[in-house]
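In: Sequence and predicted structure, then a few things I'm wondering about:
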Amino acid sequence: MHESSPAPAASILTSAESDCIQPKIWPITHRYVYLQPINYKMALVESSPLEIRRRRRRGLVSSGESSAAALADNSSPRDFMLLFIQFQVGAFFKDMPMSPTNSPHVYENPLVSRNASAEMLEVFSPQRKFSTWRRIWLALAEAEKELGLPITEEQLQQMRAHLDDIDYHEAARQEQRLRHDLMAHLQTFAKAAPLAKPILHLGATSMDVVDNTDVLLLRDGLQIIRLKLANLIDSLARFAQQWKDLPSLSYTHLQPAQPSTMGKRAVLWCYDFVLALADIELRMETLMLRGIKGTTGTQASFLELFDGDHEKVKRLEKLVAERLGFQRVHPVTGQTYPRVMDAQILASLAVVAAAAQKMAQDIRILAAFKELDEPMEDEQVGSSAMAYKRNPVLSERVTGLARWLMGMALQPMLTAGQQMFERSLDDSSNKRLSVPEAFLSADAILDILIYVVRGMVVHVRVINQRLMAELPFMATENILMAATKAGGDRQDLHEKIRKHSLSAARHVKDMGLENDLLLRLRQDPAFAGVELDKIMEPRHYIGRSVEQVDEFIAHTVQPIRDRYVGRLEHQVALKV
């Protein structure tokens with residue numbers, strides 16, 4: 001990050017409830033943006049000396065690589081790899097702007113570059129993660145000092161002074177040596193705060209730091225999802241209110257059915273997201289820290305530290321939790337918090353995805369019917385070949401991301417089921433991918449839908465035209481009743497309507513002409529006493545659609561608006 005960049009994120013120890021939905025403006029650097037683990041942790045194998053030499057011969061090496069490659073012929077593989085790590089990892093993490101990748105030869109995660117918001121990317125960024133590790137080490141040391149362990153205020157002050165200024169180059173060098181990311185960052189922190197080195201991580205296991213950090217990130221990610229859901233619900237309710245009395249065709253089996261209104265359809269979409277919000281709120285209300293429990297969850301190391309004093313061990317866990325903004329911890333754990341918790345949270349995100357896919361698919365079909373259009377910018381191109389095209393590309397993107405997210409939700413379930421006894425490490429590599437990317441996907445989906453709903457274009461005349469083309473068939477029961485009241489024979493009238501309807505259907509389907517059922521009935525003397533124009537008023541067929549919209553907004557949406565008052569003006573700026 002350049003020296004002139006803004007200060008790093010405020011402490012995550014403040015209450016998530018106070019966060020505003022307005023996106024923070026974070027510097028677009030590697031440290032402050034989610035990085036796909038497959039890129040920065042696993043792909044170094046692609047940068048072996050032989051690979052560098054091959055790329056050098058083809059003229060494909062970067063400036064950093066070229067300096068390293070110049071020494072390749074005279075270096076051992078191990079020495080060259082260390083040299084390359086110095087260039088590549090140092091450039092990757094330290095003081096370099098990103099785009100968000102710094103090489104066109106490295107895979108770029110579309111969730112980062114095209115979809116997810118800056119605020120969600122920051123939550124799952126290396127800076128947030130590793131600075132939170134340091135805050136947990138600090139919280140643990142402060143609690144241990146309060147309970148009587150020989151920890152000095154000078155040690156704590158030095159820790160507090162280096163919570164955010166992380167030397168990523170040094171951490172990468174340490175991890176290459178130790179093959180353990182937490183120990184690498186522990187050593188890096190110890191170099192920054194040497195007075196605190198003797199008491200850092202005292203009594204703790206990795207998961208006392210890693211898993212509690214993950215819970216804090218889950219909390220902050222859920223907060224963003226929750227607020228964006230509330231914004232989407234509010235926007236859909238506004239759309240429904242505007243179009244609550246616009247009659248439109250309903251569809252069952254994707255075939256025309258009894259009319260509803262455009263507003264009533266919108267509250268159907270909205271209600272799915274209300275249910276999704278309730279699920280996310282439940283996840284937040286029941287979220288617990290892993291706690292401070294040591295290697296296998298028995299707290300044996302802390303019991304040793306406090307000379308067998310069980311009350312102090314329990315007090316230690318409570319003090320750390322409070323410093324991290326939590327009142328509750330899991331009552332029992334193995335080495336990790338229960339991995340079913342990840343499964344529960346991603347299942348809740350998958351509910352958001354299911355609701356989004358249903359809505360996006362409806363919009364895509366309505367766009368094909370020419371009843372609705374997504375917002376379209378002045379210079380936006382629909383097709384490279386067909387210049388007239390106006391495709392529902394945003395709803396299509398939502399559909400694809402939703403399908404990805406629903407598939408991703410299976411991963412933590414498989415991981416939870418695979419865990420053996422107190423813990424097995426196969427959770428880590430999977431969790432690094434599945435959890436952040438599920439949040440990035442849900443975040444992108446919600447931003448896109450908020451943007452679409454707020455700019456949706458309704459084609460009233462097309463909606464009315466399509467409704468009136470089908471309404472004569474739907475009105476036949478009312479016409480039958482009116483003609484019977486006028487003195488006709490119900491059975492004879494039914495047969496006449498059946499025959500006229502079949503003829504009109506052939507007129508439409510076989511000849512491609514307009515529905516002429518009303519004309520046929522007007523020309524039949526049996527229906528001379530029926531006021532067909534009055535019967536054909538669409539509002540006679542929409543039931544309580546208008547009232548249902550009003551009642552839904554008043555009784556279901558308004559309490560949500562009240563809970564999120566002042567936070568429903570989220571402004572979306574799509575990347576593409």
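Out: Right, received. Where do you want to start? Numbers count the residues shown, from 1 in each chain.
In: With adjacent residues omitted, what lies nearest to residue 531?
Out: In this structure, residue 531 finds its nearest non-sequential neighbour in residue 482, 7.3 Å apart by Cβ to Cβ, 6 or more residues apart in numbering. C-beta: built from backbone N, CA, C; applies to glycine.
In: Quick one: name whatever helix or strand follows the helix or strand bottoming out on mean pLDDT in the chain.
Out: Lowest on mean pLDDT, DSSP states H and E among the helices and strands of the chain sits helix 77-93, with a mean of 44. Next helix or strand after helix 77-93 toward the C-terminus (DSSP states H and E): helix 110.
In: Next secondary structure element downstream of that next one?
Out: helix 118-123.
In: ok now the helix or strand that that next one is followed by, how far from the chain's centre?
Out: Proceeding N to C from helix 118-123, the next assigned helix or strand is helix 126-146, under DSSP H and E. In this view, helix 126-146 has its centroid 27 Å away from the chain centroid, taken as Cα atoms, centre = their mean, to the nearest Å.
In: Counting by contacts, list what the helix or strand following helix 126-146 packs against.
Out: Note on helix 126-146: by DSSP H and E, the next helix or strand toward the C-terminus is helix 153-160. Based on contacts counted as 3 or more Cβ pairs under 8 Å, 6 or more residues apart in numbering; DSSP states H and E, the elements that helix 153-160 packs against are helix 126-146.
In: sorry, back to before: pretty sure the residue nearest to residue 531 is touching residue 530, no?
Out: Yes: here residue 482 reaches residue 530: they are 4.6 Å apart, a contact under Cβ atoms under 8 Å.
In: ok, those two, which is more surrounded?
Out: Under the neighbour definition other Cβ atoms under 10 Å, residue 482 and residue 530 were set side by side, and residue 530 has more, 23 against 19.
In: and that one, what does it touch?
Out: By Cβ atoms under 8 Å, 6 or more residues apart in numbering, residue 530 lies in contact with 479, 482, 483, 486, 521.
In: In helices only, show me those residues.
Out: Per DSSP state H, helices hold the following members of the contacts of residue 530: 479, 482, 483, 521.
In: State the distance from the second one to residue 476.
Out: Spelled out, it's residue 482. Using Cβ to Cβ, to the nearest Å, one gets 11 Å for the distance from residue 482 to residue 476.
In: which residues touch residue 473?
Out: By Cβ under 8 Å, 6+ apart, residue 473 lies in contact with 256, 501, 504, 505, 515, 517.
In: Could you pull up the residues touching the residue nearest to residue 531?
Out: Neighbour list for residue 482: 529, 530, 531, 535 [criterion: Cβ under 8 Å, 6+ apart].
In: my guess is residue 260 is in a strand, correct?
Out: Yes: counting by DSSP: H, G, I helix; E, B strand; the rest coil, residue 260 is part of a strand.
In: thinking it is in contact with residue 251, fair?
Out: No: under the criterion of Cβ under 8 Å, residue 260 is not in contact with residue 251, lying 9.5 Å apart.
In: neighbour-wise, which of the two wins?
Out: Each of residue 260 and residue 251 has its neighbours counted (other Cβ under 10 Å); residue 260 has more, 20 against 15.
In: What are the neighbouring residues in contact with that one?
Out: Contact analysis of residue 260 by Cβ under 8 Å, 6+ apart lists 247, 248, 249, 250, 542, 543, 545.
In: mind redoing it with 6 Å?
Out: For residue 260, the contacting residues are 250, 545, by Cβ atoms under 6 Å, 6 or more residues apart in numbering.
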